[in-house]
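Trainee: sharing a sequence plus its predicted fold:
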Amino acid sequence: MTDATAPKKHLAPLPKLALDLGPLLLFFFANSYGGIYFATGAFMVATVITLGLSYYLIRRFPVMPIVTAVIVMVFGALTLWLHNDTFIKLKPTIIYVMFAIVLLAGLATGRPLFQMVLDGAIHLKEEGWKKLTLNWSLFFLVMAAVNEFVWRSFTTDQWVAFKTFGFLPLTLVFALSQAPIMAKYAIKDPDAKN
């Protein structure tokens, strides 16, 4: 089997969770230790390290972590260069809105792109992908609005705490609420036709 036809490697759930949560937890603790600018720098470094670890483990860069890393680098650099924490606070809003727009555009053009977001972790019938894509795009828009409300209404430390310990539970609860759709439209044999 050549590399071109080899199946894609995927991260196991626990290492994936560790790579997703590591930079976020470091951001929280770095903020407690040295403030938002120190935390922003630490977050940027941790994001690059986790991207490298991800590549080392699966020999490719998944699309979503690359997009997220680019936005972290751009908004983190602006935060540090201009010494203005508004940029790092806007980063989640930008990411959520961008994800929602891309997913909705995919739906409008008949390509439910959420399948790419999950990077082959599950296999669903086309109708299931459409429903999940719509639900997640709406969820991302709500999360963008929540981020805007929190960073504009609370202190920086409160926003950092909510970003770390609020967004994640909300996302997990929403993801669990989508389990019935995934179960209903699951494809047992990924090679089977939709």
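Mentor: Arrived safely.
Trainee: just checking, next helix/strand downstream of the longest helix along the chain?
Mentor: What stands out as the longest helix in the chain, according to DSSP state H, is helix 13-58. Downstream of helix 13-58, the next assigned helix or strand under DSSP states H and E is helix 63-82.
Trainee: and whichever helix or strand comes after that next one, C-alpha only, in CSV?
Mentor: Counting by DSSP H and E, the next helix or strand C-terminal to helix 63-82 is helix 86-108. What follows is helix 86-108 as a C-alpha-only set of coordinates in CSV (Å, rounded to 0.1, in the frame of the first residue of the first chain):
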residue,chain,number,x,y,z
THR,A,86,-9.3,43.3,22.6
PHE,A,87,-7.7,41.2,19.7
ILE,A,88,-7.3,38.0,21.8
LYS,A,89,-10.8,38.5,23.1
LEU,A,90,-12.2,38.8,19.6
LYS,A,91,-10.4,35.6,18.4
PRO,A,92,-13.1,33.2,19.6
THR,A,93,-15.8,35.4,18.0
ILE,A,94,-13.9,35.4,14.7
ILE,A,95,-13.4,31.6,14.8
TYR,A,96,-17.0,30.8,15.7
VAL,A,97,-18.4,33.2,13.0
MET,A,98,-16.0,31.9,10.4
PHE,A,99,-16.8,28.3,11.2
ALA,A,100,-20.6,29.1,11.0
ILE,A,101,-20.2,30.9,7.7
VAL,A,102,-18.1,28.1,6.1
LEU,A,103,-20.6,25.4,7.3
LEU,A,104,-23.6,27.3,6.1
ALA,A,105,-22.0,28.1,2.8
GLY,A,106,-21.2,24.4,2.4
LEU,A,107,-24.9,23.6,3.1
ALA,A,108,-26.0,26.2,0.6
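Trainee: just the pLDDT for the residue lying closest to residue 48 once chain neighbours are set aside.
Mentor: Spatial nearest neighbour of residue 48, excluding adjacent residues (Cβ to Cβ, 6 or more residues apart in numbering): residue 69 at 6.9 Å. C-beta here means a position set from N, CA and C on the backbone, and glycine is covered the same way. Residue-level confidence at residue 69 comes out at 90, pLDDT.
Trainee: okay, now residue 69: neighbour count?
Mentor: Neighbourhood size, residue 69 [other Cβ atoms under 10 Å]: 18.
Trainee: now residue 158
Mentor: Residue 158 has 13 neighbouring residues, counting by other Cβ under 10 Å.
Trainee: pull out the buried residues from the helix or strand containing it.
Mentor: Assessed by DSSP H and E, residue 158 sits inside helix 156-165. For helix 156-165, a neighbour-count test (16 or more other Cβ atoms under 10 Å) marks 159-164 as buried.
Trainee: rewinding a little: now for the longest helix of the chain, which elements pack on it?
Mentor: The helices and strands touching helix 13-58, judged by 3 or more Cβ pairs under 8 Å, 6 or more residues apart in numbering; DSSP states H and E, are helix 63-82, helix 86-108, helix 156-165.
Trainee: coming back round to it: how far is the helix holding residue 158 from where the chain is centred?
Mentor: Here helix 156-165 is found 17 Å from its chain centre; the criterion is Cα atoms, centre = their mean, to the nearest Å.
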